[in-house]
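1. let me see the structure of the following:
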Amino acid sequence: MSTRSPMGLLFTLALIGLVTAWAAPVRAIDQTIEIEANLTNPPSDRAWINVEDCQTPETFSLSFAWSLEGLSILWAETQEADVFLSTSETCSTVSIEIGNTAEDGPDAEIGFTLLEGDYPEYGDDDLYLSDIEALDCSTPDEEDYYFCVRWEFEINSGYTTDTYTYYGKAEIRYDVNAPDAPDFQEINPGDTNLKLVWDDPPDDDIAGYLIYFREEGAGDDDWLVEEEADAAAESYTIGDLVNGQPYEVVVAAYDEAMNEGLASVTLVGTPVPVEDFYEYYREAGGAEDGGFCFVATATYGDYGSPEVVELRVFRDTVLARSDLGQAFIAGYYRFGPRFARAIRGSDSQRDMARGMLAPLVAVAWLTRTGVGLGLFAGLGLAGLLLMAWKRRRRLIGRGGLAGFLVLGMLFVGSGQARADDMEETGLESRVMSSSVEPMFQLQVRFGPYYPKVDDEGLNHGGDVEPFKTVFGSSSEYLFELGLDYELWRGFGVVTVGGSAGFVQYMGKGRITDSTVEDMDTLASSDTTVFNFIPLRLTVGYTFDLFNEKWDVPLLPYVSGGLSYYVWWVLDGVGNVSQFEAVEGEGGTDAKGGIFGLHFSVGMKVLLDWLDPNAAAHLESEVGVINTYFFTEFNLNWVDGFGGEHFNLSDETVMFGLTFEF
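-> Numbers count the residues shown, from 1 in each chain. Here you go, the predicted structure:
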């Protein structure tokens with residue numbers, strides 16, 4: 001029996017390892033590494049070559065820089081790099097040679113200690129557009145290129161040759177293909193403006209449009225130009241023109257390389273006098289002269305008095321930034337005008353009003369100067385703590401779904417099903433422990449609105465209806481948001497609160513050019529806008545006996561209170577309209593506020609019985625105890641109580657949701 005020595009065994013194992021290593025395939029490394037690079041001329045924010053550059057190619061220079069910062073340097077000798085233009089994002093192919101060809105030698109040298117470089121290299125001749133023969137400016141062409149630097153470095157390990165490819169790139173667009181001319185369709189005249197309409201050219205790289213205009217017959221040096229930077233635009237309005245003066249207008253597109261295209265055909269348009277809605281209404285004999293009557297102005301006698309200015313600053317910088325402050329402002333605008341009219345003619349009453357307003361003026365001054373900020377901050381913090389404390393009490397003591405879960409009694413025999421549902425949903429203990437009633441109601445409502453402005457019986461050279469003529473006979477939707485406090489809960493629920501809404505009408509102004517026939521029926525291209533913000537103070541009563549006694553989810557209610565509608569009219573260029581009764585003597589701004597009354601009768605439907613689980617989740621996660629859908633009939637009398645104002649009254653049906661919490 002033969003034995004092997006330990007040395008012989010080790011030798012055998014080593015020999016096996018060498019043979020295995022020699023026989024196993026060895027994979028070479030082939031890695032591509034991107035380096036930082038950028039254009040230095042033209043700069044990166046102007047990375048294109050366009051038609052204008054091609055007009056002087058011998059003076060338009062290009063340069064390029066790169067950096068190796070943050071990379072591991074694997075070579076010890078100078079590397080030879082090629083510089084070229086490529087359509088490949090990784091510079092893998094040469095589209096246009098810039099410097100030397102491969103046979104002529106490298107374009108740049110990358111040294112061992114050189115961490116950055118540029119092309120042309122320092123001391124070399126500048127590179128001009130005319131030096132790049134393959135970029136033929138005489139042929140309309142457009143292409144997105146990459147200005148590239150690229151070299152390869154190899155490491156031979158004896159078994160493999162590893163290749164490392166380094167490249168840097170910077171985008172540059174070559175575009176000597178100017179856009180076609182837009183298809184100029186029409187010019188619509190407006191009041192001191194012309195509205196242009198065109199179809200865009202077929203080019204896919206349009207960046208905007210240039211609008212040229214001049215008085216008809218003027219010289220070539222009199223062209224004015226305006227820019228529309230929206231590439232998708234197909235219209236534009238030239239403003240600040242002279243009514244009755246004809247203007248020549250052309251439109252040209254420009255592309256992303258700032259090539260200005262061919263000009264469109266020349267069209268001629270003449271601005272004409274146009275009455276926006278407010279002007280049309282006043283010319284028809286409308287009495288509304290706008291404006292707001294304020295207590296402070298009436299008290300101090302001058303809108304610009306220091307006290308009034310102080311209060312206005314306090315309103316805009318403090319009150320308007322909080323819900324409570326906005327509610328105060330709304331109430332002030334509702335009740336202020338009547339009080340202001342009452343004290344305006346009495347010196348003694350104005351003196352009393354000054355004494356009443358003095359503390360508020362002092363508070364306004366303290367706030368503006370910063371002296372009172374600490375006091376207000378402390379009061380605000382105390383209020384927040386109180387709200388948090390009340391919220392915590394409600395969360396602890398409230399079950400809140402008893403009313404929801406008993407609504408299954410709408411059908412005979414549903415009492416047991418209701419109890420089973422409570423047990424299955426795990427809500428029975430919460431219902432039994434409920435002890436806190438809801439405190440607030442949040443309403444979201446909407447419905448059609450059409451004011452009775454035309455009920456004034458106006459005349460504009462014949463019986464006309466200004467509102468219907470300008471805005472049509474269709475209603476617009478009024479959206480409102482309200483918040484009520486449940487003041488008393490017993491035989492029903494009594495609430496007090498307020499709401500704010502918004503509705504907008506848009507129409508076309510009326511051409512008033514005496515040379516145009518039937519001017520009262522001719523709409524212009526100018527858009528005039530009538531905006532309304534209805535503000536309301538409301539007292540309401542909800543009869544909940546059906547729900548409380550017989551689990552019927554129907555709750556009839558009535559509400560009513562004081563209204564104040566803020567309104568303003570915009571002219572054809574988006575400014576607040578003005579009406580001059582006598583030309584040159586100043587105008588009346590088309591904005592103001594109108595008091596009135598409102599009354600509603602409606603029906604709420606409790607929604608929680610539809611899905612008790614969702615109702616329970618809404619209460620536990622959000623704090624909403626009950627959710628209602630409602631519909632109501634509204635009567636609104638908003639005409640300043642019979643004064644010389646717009647009649648913004650209407651009768652309508654509103655729909656919405658109420659969240660009780």
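
2. now do the helices in the stretch 451-600 of the chain.
-> Applying DSSP state H, counting those that start in this stretch to the stretch 451-600 of the chain gives helices spanning 466-471, 545-550.

3. what's across from residue 633 in the sheet?
-> Beta-bridge partners for residue 633, by DSSP bridges, are residue 601, residue 653.

4. check contacts around it.
-> By C-beta atoms under 8 Å, 6 or more residues apart in numbering, residue 633 lies in contact with 600, 601, 602, 651, 652, 653. Placement of C-beta: from N, CA and C, glycine included.

5. and the first one, how far from residue 649?
-> Right, residue 600. 14 Å (C-beta to C-beta, to the nearest Å).

6. which one, of the helices of the stretch 451-600 of the chain, ends up nearest to residue 640?
-> When these are ranked by proximity to residue 640, the top entry is helix 466-471, at 16.8 Å, counting by C-beta to C-beta.

7. ignoring the adjacent residues along the chain, who's closest to the spatially most central residue of the chain?
-> Here the mean C-alpha position of the chain is nearest to the C-alpha of residue 230 (C-alpha atoms, centre = their mean), at a distance of 16.7 Å. Nearest residue to residue 230, sequence neighbours excluded (C-beta to C-beta, 6 or more residues apart in numbering): residue 208, at 6.7 Å.

8. what strand or helix carries the one you found?
-> Here residue 208 sits within strand 206-215, counting by DSSP states H and E.

9. what's the very next helix or strand once past that strand in contact with?
-> Sequence-wise, the next helix or strand beyond strand 206-215 is strand 224-228, with elements assigned using DSSP H and E. With contacts defined as C-beta under 8 Å, 6+ apart, strand 224-228 is touched by 208, 209, 210, 211, 212, 213, 214, 236, 238.

10. and strand 224-228, what's buried?
-> Neighbour counts using 16 or more other C-beta atoms under 10 Å place residue 228 of strand 224-228 among the buried residues.

11. quick check: end-to-end length of stretch 93-110?
-> The first residue of stretch 93-110 is 20 Å away from its last residue (C-alpha to C-alpha, to the nearest Å).

12. residue 275 contacts residue 509, doesn't it?
-> Yes - contact criterion C-beta atoms under 8 Å: residue 275 and residue 509 qualify, at 5.8 Å.

13. neighbour-wise, which of those two wins?
-> residue 275 (28 against 25; other C-beta atoms under 10 Å).

14. list the contacts for that one?
-> 283, 509, 510, 512.

15. wait, the last one sits on residue 274?
-> Right, residue 512. Yes - the pair residue 512 and residue 274 passes the contact test of C-beta under 8 Å, sitting 6.6 Å apart.

16. which one's more surrounded, these two?
-> Taking neighbours as other C-beta under 10 Å, residue 512 and residue 274 compare with residue 274 leading, 27 against 19.

17. which residues in the stretch 1-150 of the chain form strands?
-> With DSSP state E, counting those that start in this stretch as the criterion, the stretch 1-150 of the chain has strands at 30-34, 36-41, 48-49, 61-67, 79-86, 96-97, 108-110, 116-119, 127-128, 142-156.

18. what does the strand holding residue 208 rub up against?
-> By C-beta under 8 Å, 6+ apart, the residues outside strand 206-215 that reach it are 179, 182, 194, 196, 198, 200, 222-231, 233, 236, 238, 245-256, 258, 260, 263.

19. that one - what's its average pLDDT?
-> Mean per-residue pLDDT for strand 206-215: 96.

20. direction included, what does that strand pair against?
-> strand 224-228 (antiparallel), strand 247-255 (antiparallel).

21. dump those to JSON lines, plus distance to residue 643 and mean pLDDT.
-> Shown next, in JSON lines, are the strands paired with strand 206-215 (distance: least, C-beta to C-beta, whole Å; pLDDT from 0 to 100):
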{"stretch": "strand 224-228", "distance to residue 643": "45", "mean pLDDT": "95"}
{"stretch": "strand 247-255", "distance to residue 643": "44", "mean pLDDT": "97"}
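
22. which one, of those strands, ends up nearest to residue 544?
-> strand 224-228 (59.4 Å).

23. with just CA atoms, put that closest one into PDB.
-> Coordinates of each C-alpha in strand 224-228 appear next as PDB, following Å, rounded to 0.1, in the frame of the first residue of the first chain:
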ATOM      1  CA  LEU A 224     -44.400  98.100 -34.200                       C
ATOM      2  CA  VAL A 225     -44.000  94.500 -32.900                       C
ATOM      3  CA  GLU A 226     -45.500  92.500 -30.000                       C
ATOM      4  CA  GLU A 227     -44.600  89.000 -29.100                       C
ATOM      5  CA  GLU A 228     -46.900  86.000 -28.200                       C
END
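
24. right, I'll leave it there.
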